[in-house]
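> Prediction below, plus the sequence it came from.
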Amino acid sequence: MQGKRILLGISGGIAAYKIAYLIRILKKQGAEVRAIMTPASSDFISPLVVSTLSENPVHMEFWNKKTGEWANHVELALWADVFIIAPTTANTLAKMASGICDNLLLATYFSMKGKTIIAPAMDLDMYQHPTVKRNMETLLSDGVSIIPATEGALASGLEGQGRMEEPENIAAYIQDFFQVKKTADSKRILITAGPTYEAIDPVRFIGNHSSGKMGYELATACLAAGNDVILISGPTALELTHPNLQLIKVQTAQQMLVAVQEHWKSCELGIFSAAVADYRPENVATQKIKKQAEEHTLHLVKNPDILTWASQHRNEQQKVVGFALETNNAKEYALDKLTRKNLDFIVLNEFVKDVSGFQAETNKITIFDKDKNAIEFPLKSKKEVAKDVLSVVLKN
Ligand code: PMT
């Protein structure tokens, strides 16, 4: 951390009192620390404490009313190697997600070219609120990294998720951000994961049993090897956070296609492990469909093939890897997809309920390259499978 320039944003929540410890840790590790506080945060920690520990003046207003000096948010943003906003309140989170810029901390965030990391802290029900969740997803899509709140006793007396991560763990996260080993071989990798949900009416959808585990393990393996990852995920219960990860959550195949179209150009490798619904209802009922007739017919239309789109819109350096899960004629169907979708590799999963394929912790795969050469692997955990896939596709 020696000489790293860390800009600390403090917003007004009770967890702000812990920031004194964070500054001490960062300073001990040799980092330079400057701080911006929202006006509300000074109710929870004194600017004098922040300024004394950081050994720098604290910025709170666009201009200092005593000296007339202007706090240049653009200069602050350019100075920082990383901007860490801790704690991030629901209010600051919402403003960051929606573009409201009514204090110095927010103006600096909107001026940042480098990485912003947030450590949210709020009460249990606030943290679970759909609006807060939606705002966090927006920020993830904007490239912000989130250190999730932890579980435990909250200031309100409630117990649950909402506590800001402990200062030593925030410091470790920042250290990871600087230590991620980038090599000349580091790549930007796009991964699709999970199922897609195609709405029938406001309460029903067409989906499948994909848990997203395979795709998230692929992302984890890519990140551990020093790559940047854009993970475009259908609805899953999984979470992943890493300084070099951009996680984009979508529901439908059409939304997944839009996200892939937005990011594919900047990537060198695409691994398409999502189980995308091939069809969607042509019309989505605006109200819950009532049980009346003995039969009900849904008219389905074909979804766009995302993998084929990526394969058709690539340059010579970009590689595409598809996945296949078949219940019969597995090799034949997988090879057909390899040729028809013009892929560099296809990963064929063996389908054995609860053992390999959807939801299972393990997978048994065979990888075919574009010349149809096969490499067969034994049954392994999805974590190990992800490493195997990477070792093959990054080597060739
Ligand atoms: O999520 P888990 O529970 O861990 O399970 C992992 C998995 C079994 C879902 C995964 O490993 C897997 O095999 N995914 C692909 C499933 C499949 O058979 O897909 P497909 O045959 O419909 O499609 C073949 C390829 O085209 C896939 O790479 C798919 O992402 C892609 N595709 C398909 C349809 C479509 N409209 N767009 C696509 O991009």
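That came in fine, so what should we check first?
> Residue numbers of the stretch 201-350 of the chain in contact with the ligand?
Within the stretch 201-350 of the chain, the positions near the ligand by Cβ under 6 Å from any ligand atom are 210-214, 253, 272-276, 278, 303, 305-307, 322-325, 337, 349. From N, CA and C alone the C-beta is placed, and that goes for glycine too.
> could you pull out the helices for the protein?
Ranges of helices in the chain, per DSSP state H, are 19-28, 47-54, 73-79, 90-98, 104-111, 124-128, 130-141, 167-179, 213-224, 253-263, 306-312, 330-340, 382-395.
> tell me the most buried of those helices?
helix 213-224 (a mean of 24; mean count of other Cβ atoms under 10 Å).
> gap between stretch 280-289 and the chain center?
A distance of 30 Å separates the centroid of the chain from that of stretch 280-289, by Cα atoms, centre = their mean, to the nearest Å.
> Just list whatever residues bridge to the residue nearest to Y197 when sequence neighbours are not counted.
In this structure, Y197 finds its nearest non-sequential neighbour in F205, 4.1 Å apart by Cβ to Cβ, 6 or more residues apart in numbering. Here F205 shows beta-bridge partners A199, assigned using DSSP bridges.
> one step back: mind checking which of the residues of the stretch 201-350 of the chain next to the ligand are buried?
For these, a burial check counting by 16 or more other Cβ atoms under 10 Å picks out 210-214, 253, 272-276, 303, 305-307, 322-325, 337, 349.
> can you redo the helices of the chain as TSV with distance to F358?
Compiled in TSV, those are given as follows (distance: least, Cβ to Cβ, whole Å):
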stretch	distance to F358
helix 19-28	42
helix 47-54	50
helix 73-79	44
helix 90-98	33
helix 104-111	40
helix 124-128	28
helix 130-141	24
helix 167-179	32
helix 213-224	9
helix 253-263	17
helix 306-312	18
helix 330-340	15
helix 382-395	11
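> Output the ones you listed as TSV; include the columns mean pLDDT.
Compiled in TSV, the helices of the chain are given as follows (pLDDT from 0 to 100):
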stretch	mean pLDDT
helix 19-28	98
helix 47-54	98
helix 73-79	93
helix 90-98	98
helix 104-111	97
helix 124-128	92
helix 130-141	91
helix 167-179	91
helix 213-224	96
helix 253-263	96
helix 306-312	98
helix 330-340	96
helix 382-395	96
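> and A155, which of those helices is closest to it?
A155 lies closest to helix 124-128 among these, at 10.7 Å (Cβ to Cβ).
> Check which helices and strands the closest one is in contact with.
Counting by 3 or more Cβ pairs under 8 Å, 6 or more residues apart in numbering; DSSP states H and E, the packing neighbours recorded for helix 124-128 are strand 159-163.
> Give me the buried positions along the strand it packs on.
Buried, per 16+ other Cβ under 10 Å, within strand 159-163: G160, Q161, G162, R163.
> what residues are up against the residue nearest to Y197?
Contacts for F205 were tallied using Cβ atoms under 8 Å, 6 or more residues apart in numbering; they are Y197, E198, A199.
> Let me have those in CSV, extended by neighbour count and pLDDT.
Shown next, in CSV, are those (neighbours: other Cβ atoms under 10 Å; pLDDT from 0 to 100):
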residue, neighbour count, pLDDT
Y197, 20, 98
E198, 23, 98
A199, 16, 97
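> Tell me the one of the buried residues of strand 159-163 nearest the ligand?
Among the buried residues of strand 159-163, Q161 lies closest to the ligand (Cβ to the nearest ligand atom), at 24.3 Å.
> What's opposite that closest one in the beta bridge?
For Q161, the beta-bridge partners under DSSP bridges are E151.
> okay, T362: pLDDT?
pLDDT, T362: 94.
> To clarify, my last question referred to L298.
With respect to pLDDT, L298 has a value of 95.
> distance of it from L257?
21 Å (Cβ to Cβ, to the nearest Å).
> K364 too?
In terms of Cβ to Cβ, K364 sits 29 Å off from L257.
> Please name the nearest non-neighbouring residue to V385.
Spatial nearest neighbour of V385, excluding adjacent residues (Cβ to Cβ, 6+ apart): N363 at 4.6 Å.
> what's the domain layout of this structure?
Following automatic domain parsing, the chain resolves into domains at 5-179, 188-285+292-393.
> Isn't A275 up against L325?
Yes - between A275 and L325 there is a contact under Cβ atoms under 8 Å: 7.0 Å.
> Which residues are in contact with each of the two?
Both A275 and L325 are contacted by F358, under the criterion Cβ under 8 Å, 6+ apart.
> what ranges of the stretch 151-300 of the chain fall below the confidence cut-off?
Scanning the stretch 151-300 of the chain for pLDDT under 70 picks out 180-181.
> What lies in contact with stretch 70-82?
Here stretch 70-82 makes contact (Cβ under 8 Å, 6+ apart) with 4-7, 34, 36, 59, 61-64, 83, 104, 107-109, 111-117, 174, 177-178.
> tell me how far the ends of that stretch are from each other?
22 Å (Cα to Cα, to the nearest Å).
> With stretch 309-318 instead?
Stretch 309-318: ends 13 Å apart by Cα to Cα.
> isn't R204 right up against I289?
Yes - using Cβ under 8 Å, R204 is in contact with I289, at 7.4 Å.
> So these two - more neighbours on which side?
R204 (16 against 13; other Cβ atoms under 10 Å).
> residue contacts, the more buried one?
Counting by Cβ under 8 Å, 6+ apart, R204 has contacts K288, I289.
> Roughly how far does the residue most central in space within the chain sit from A224?
With distances taken as Cα atoms, centre = their mean, L247 lies nearest the centre of the chain, 2.2 Å away. Taking Cβ to Cβ as the measure, L247 falls 16 Å from A224.
> With L245 instead?
When L245 is compared with A224 (using Cβ to Cβ), they lie 11 Å apart.
> cool, and S46?
40 Å.
> Same question for A237.
According to Cβ to Cβ, A237 and A224 sit 22 Å apart.
> For I346, see how far away T362 is.
T362 sits 20 Å away from I346 when distances are taken as Cβ to Cβ.
> Looking at those two, which is more packed in?
Using other Cβ under 10 Å as the criterion, T362 and I346 rank with I346 on top: 26 against 18.
> residues contacting the more buried one?
V321, G322, F323, A324, A334, L335, K337, L338, I367, F368.
> Repeat the analysis, applying 10 Å as the threshold.
I346 sits next to 272, 307, 320-324, 333-339, 366-370, 372 when contact means Cβ atoms under 10 Å, 6 or more residues apart in numbering.
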